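> Sequence first, predicted coordinates after that:
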Amino acid sequence: MGRARAALVGLTIPLLVAGCHRTASTSGLTPVSFQTDWYPQPEHGGFYDALLNNYYRDEGLEVIILPGGPMNVAEQQVSTGAAQFAMGSSDHVLEADAQGEPLIAVGATMQSDPQGIMLHAESPVHSFQDLDGRAIAVKAGSTWFEYLVRRYNLKNAREIPATYSVANFLADPGYIQQIFVTSEPFFARKAGASVRTLLIADTGYSPYRVFFTSRSYLAQHPDVVAKFTRASIRGWRDYMHDPAIVNADLLKLNPAQAPEQIQFTWQALKDGHFVDGGSPANTGHMDSARWATMYAQLSDLKLIAHPIDPASAYTLQYCNGR
């Protein structure tokens, strides 16, 4: 996924830090590795909640959380068997499946995507249509940007490399960059900038954030998939109700974060209803129509390498209480 993380560039964070007190058990529990998409942060909070509160252990699982980073490709980790589960987005799962990587989403981490763009408050850009003729800092290959170009006919919009920092934004009042609304605005405002954001989901391009496994692992271990999904959803409901214990742990696991940053991100997740879509009962749930719409959008963008049945890329069996 094309995400930026302003405060983390150049930091040396041991990649096993999230698993330092989470080694695989020899006491009969089933060992499971879960690959995240970035360093430990509130956007992963529900999984850490399930870990810290022993929800995975209660299900007979010994889960090790593997932190990601800018060079990590979670889809490959799962498709090659390096991890049993990983985080991603529904558009990337569909694209991977169409390229021959047999992945299957088993639950939603977020009902809507906090991906967006950030502008200075005084910017003349007030809508996505206004991006034509502008330069936007974007991670190369970002599907959502291709969608914007097509939908709004942005013939003269220029894509420049994302830097995973707000430094250029602070130095240039005309700078526009991709963000998560749960993250970069905190750093920009802390540095004194007045900012506005536009949420990509408001354009009609709205992938789920999901956790997924491989189809072969699901076929061989449906009980493990059910247990992991059940415990993870329970953890997310807990975390969005009371984040205190998890946030304290995240500070230890990723000391680059500040308490106020973690609180900002959690509050943004809460206020935007990103995780529950407006009702805690929706946590983890997915809908077939949303997947079909996403597949149609990707097909229209010519991003589906080979036609597939979109229903092969997800299952509702474990996340919707069926």
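Thanks, I have it.

> need the helix or strand of this protein with the lowest average pLDDT.
Least confident element among the helices and strands of the chain, by mean pLDDT, DSSP states H and E: helix 74-79 (a mean of 92).

> What are the buried residues along that one?
Residues of helix 74-79 classed as buried: Ala74, Glu75, Gln77, Val78, Ser79 (neighbour count, 16 or more other C-beta atoms under 10 Å). The C-beta positions use only the backbone N, C-alpha and C, and glycine is treated the same way.

> got the residue ranges for the strands in the stretch 51-200 of the chain?
Using DSSP state E, counting those that start in this stretch, the strands of the stretch 51-200 of the chain run over residues 61-66, 85-89, 103-110, 115-120, 135-138, 158-161, 177-180, 195-199.

> And the ones you listed: which comes nearest Tyr314?
strand 103-110 (4.2 Å; C-beta to C-beta).

> CA atoms only for the closest one, dumped as CSV, please.
The C-alpha trace of strand 103-110 is given here as CSV (Å, rounded to 0.1, in the frame of the first residue of the first chain):
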residue,chain,number,x,y,z
LEU,A,103,-4.3,-14.9,-1.4
ILE,A,104,-7.6,-14.7,0.4
ALA,A,105,-8.8,-11.9,2.7
VAL,A,106,-10.5,-13.3,5.9
GLY,A,107,-11.4,-10.1,7.7
ALA,A,108,-11.4,-6.3,7.5
THR,A,109,-9.0,-4.3,9.7
MET,A,110,-10.7,-1.1,8.6
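
> Contacts for that strand next, please.
If you take C-beta atoms under 8 Å, 6 or more residues apart in numbering as the criterion, strand 103-110 is touched by 43, 46, 75, 78-79, 85, 87-88, 90, 93, 96-97, 208-215, 218, 225, 228-229, 232-233, 236, 269, 274-275, 283-286, 312-315, 318-319.

> gap between that strand and the chain center?
Here strand 103-110 is found 11 Å from its chain centre; the criterion is C-alpha atoms, centre = their mean, to the nearest Å.

> That strand vs strand 85-89, what angle?
70 degrees (axes from the mean of the first three to the mean of the last three C-alpha atoms, to 10 degrees).

> Beta-bridge partners for Arg158, please?
Ala135 (DSSP bridges).

> One more: Arg209?
Note on Arg209: beta-bridge partners by DSSP bridges are Ser89, Met110.

> That one and Ala96, how far apart?
Distance of Arg209 to Ala96, given as C-beta to C-beta, to the nearest Å: 15 Å.

> and if you look at Glu260?
Look at Glu260 and Ala96: by C-beta to C-beta, they are 36 Å apart.

> Name the residue in these two with the higher neighbour count.
The neighbour comparison of Glu260 against Ala96 (other C-beta atoms under 10 Å) goes to Ala96, with 22 against 10.

> pLDDT at the more buried one, what is it?
pLDDT for Ala96: 95.

> ok, now Thr163?
Thr163 is assigned 89 on the pLDDT scale.

> what about the closest residue to it other than its chain neighbours, neighbour count?
In space, and not counting its chain neighbours, Thr163 is closest to Ala137: 6.5 Å by C-beta to C-beta, 6 or more residues apart in numbering. A count of nearby residues for Ala137, using other C-beta under 10 Å, gives 21.

> Hmm, Gln178 and Ala137 touching each other?
Yes: here Ala137 reaches Gln178: they are 6.3 Å apart, a contact under C-beta atoms under 8 Å.

> Which residues are in contact with each of the two?
Taking C-beta under 8 Å, 6+ apart as the contact rule, Ala137 and Gln178 both touch Ala162.

> which residue ranges form the helices in the stretch 101-250 of the chain?
Secondary structure of the stretch 101-250 of the chain (DSSP state H, counting those that start in this stretch): helices located at 143-151, 167-171, 184-190, 215-220, 222-241, 244-253.

> Let me know the angle separating the first one from strand 195-199.
When you say that, I think you mean helix 143-151. Helix 143-151 runs at 80 degrees relative to strand 195-199, counting by the same axes, to 10 degrees.

> Between strand 115-120 and helix 143-151, find me the angle.
Counting by the same axes, to 10 degrees, helix 143-151 lies at 70 degrees to strand 115-120.

> which strands and helices sit next to helix 143-151?
helix 90-98, helix 288-300 (3 or more C-beta pairs under 8 Å, 6 or more residues apart in numbering; DSSP states H and E).

> highest average neighbour count across those helices?
Of all the helices and strands packed on helix 143-151, helix 90-98 carries the top mean neighbour count, a mean of 24, counting by mean count of other C-beta atoms under 10 Å.

> Fine by me, thanks again.
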